[in-house]
Each structure stands twice: as C-alpha cells, then as structure tokens.
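K.L.:
I'll drop the sequence and a predicted model, then ask my questions.
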Amino acid sequence: MVLSVSFNYTSAQSYNFQFFNVQEGLPQSTVNTIFQDSRGFLWIGTAGGGICKFDGENFTPYFSKNGIAGDIVTDITEDKNQNIWFTASWGGVTKFDGRKFTVFNKDKTNSLVDGNNLIFCDAKGRIWIAENNNVKIYKNGVFNDIHQSLQQKIKGAVTKIIEDSKNNLWITTAAGIIFINETDTLEITT
C-alpha cells in the first residue's frame, strides 16, 4: 500500500487592524452602535460619551451639553435629507442637520417616553422609533403612535426594524417577528 500526501500552501490574506479608544480620540470606550452615512462618515454612539462623527482620521464628539438628547446613544439612522437621527436612553431622539440639533423627548412633544432604544428610516422616508414594545412614526414634527391594530401585534420589546428589497418591513421582538407588507396601511393615531 502506498500513501501519498500533498500539502497546498496558500498565502493568508492580511488585514490591517487598528484599535480606537479614548487615547485615539473616541469620547468613551464602550460603543453601543455605529452607522455609516451617505457621505461616508461613521457615526459612533457610546454608552455615556455621547455621539461622535469619524472622518477616517479624526473624531468629532457631541455631548448633551452640546445639545443632543442624552449621552447614552442607542441607535443611529439617516433620513432622505441626510439628517442624522439618533436615540438616547433617558433623553429622547436627536435630529442633526449638520449645523444644529433638534431634540424630541417627552417634555417637548409629549409623544415619547424614556428608554428609546432604536430608530429606523424606511425607503419612503418615514422615521420609525421603537420604545421597548411601543412603535411610533415621525410625522409633522411629532412621533405618533402607529395604528392600534398593528401595535397590538407587538408582544415583546422591539429589537430591530428592517426593510427588505420589496419594501416590506420586518420588526423583530423578544416574542417573535412581525411582517408588514409594503401595501399594508400604516395609518397613525392622532
């Protein structure tokens, strides 16, 4: 019996890793979320250091003292007008138009509760926010409740909202997944 053994050597792909923390300019080392906007900037939401914009070389931090809703940033999205939106625990929602911050919270709009955890912009430009198991849509300067028939289907805390290639929405929760066909009526309550 003859045993033939051959070895194939391949070169491993090399990666350039770089580590960022407070010494490199990150305002806080615990990162909750990261998002790349349409202009290529990275937006980094931290667990107590606010949010910062990274241009590939420098971090530009923004804190509650600069006008954002809160320093514990939980999620980030961008709307069709290139505004950056982000949620903050115990603070509400912030919209940043590149020059100024606009804060939406329960004190100013009476439409939000504390504990905002995620935000999403769909293909139609609607801004969705999930506050635990409550979902709202932004319209006319206020976050409004979604229709009660849809709200009743949400049994657990919302963990993610995505949109598929056919503009159907998928809402994941601690109790399962809710599918919303793009032709479904998503009227809001007022």
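P.N.:
Right, received. Where do you want to start?
K.L.:
doesn't Trp90 belong to a strand?
P.N.:
No. Read with DSSP: H, G, I helix; E, B strand; the rest coil, Trp90 is coil and lies in no strand.
K.L.:
so, low pLDDT: which residues of this protein?
P.N.:
Scanning the chain for pLDDT under 70 picks out 1-12, 106-116, 182-190.
K.L.:
could you rerun that using 90?
P.N.:
For the chain, applying pLDDT under 90 flags the ranges 1-21, 23-25, 69, 89-92, 103-118, 124, 129-159, 167, 171-190.
K.L.:
which residue ranges form the helices in it?
P.N.:
For the chain, applying DSSP state H gives helices covering 106-109, 148-151.
K.L.:
for the residue nearest to Ile180 when sequence neighbours are not counted, what are its contacts?
P.N.:
Distance criterion Cβ to Cβ, 6 or more residues apart in numbering; nearest residue to Ile180, sequence neighbours excluded, is Leu169 at 4.1 Å. (Glycine included, C-beta is placed from N, CA and C.) Applying Cβ atoms under 8 Å, 6 or more residues apart in numbering, we find Leu169 in contact with 122, 161-163, 179-180, 182.
K.L.:
for Leu169, give the beta-bridge partners.
P.N.:
Going by DSSP bridges, Leu169 is paired in beta bridges with Glu163, Ile180.
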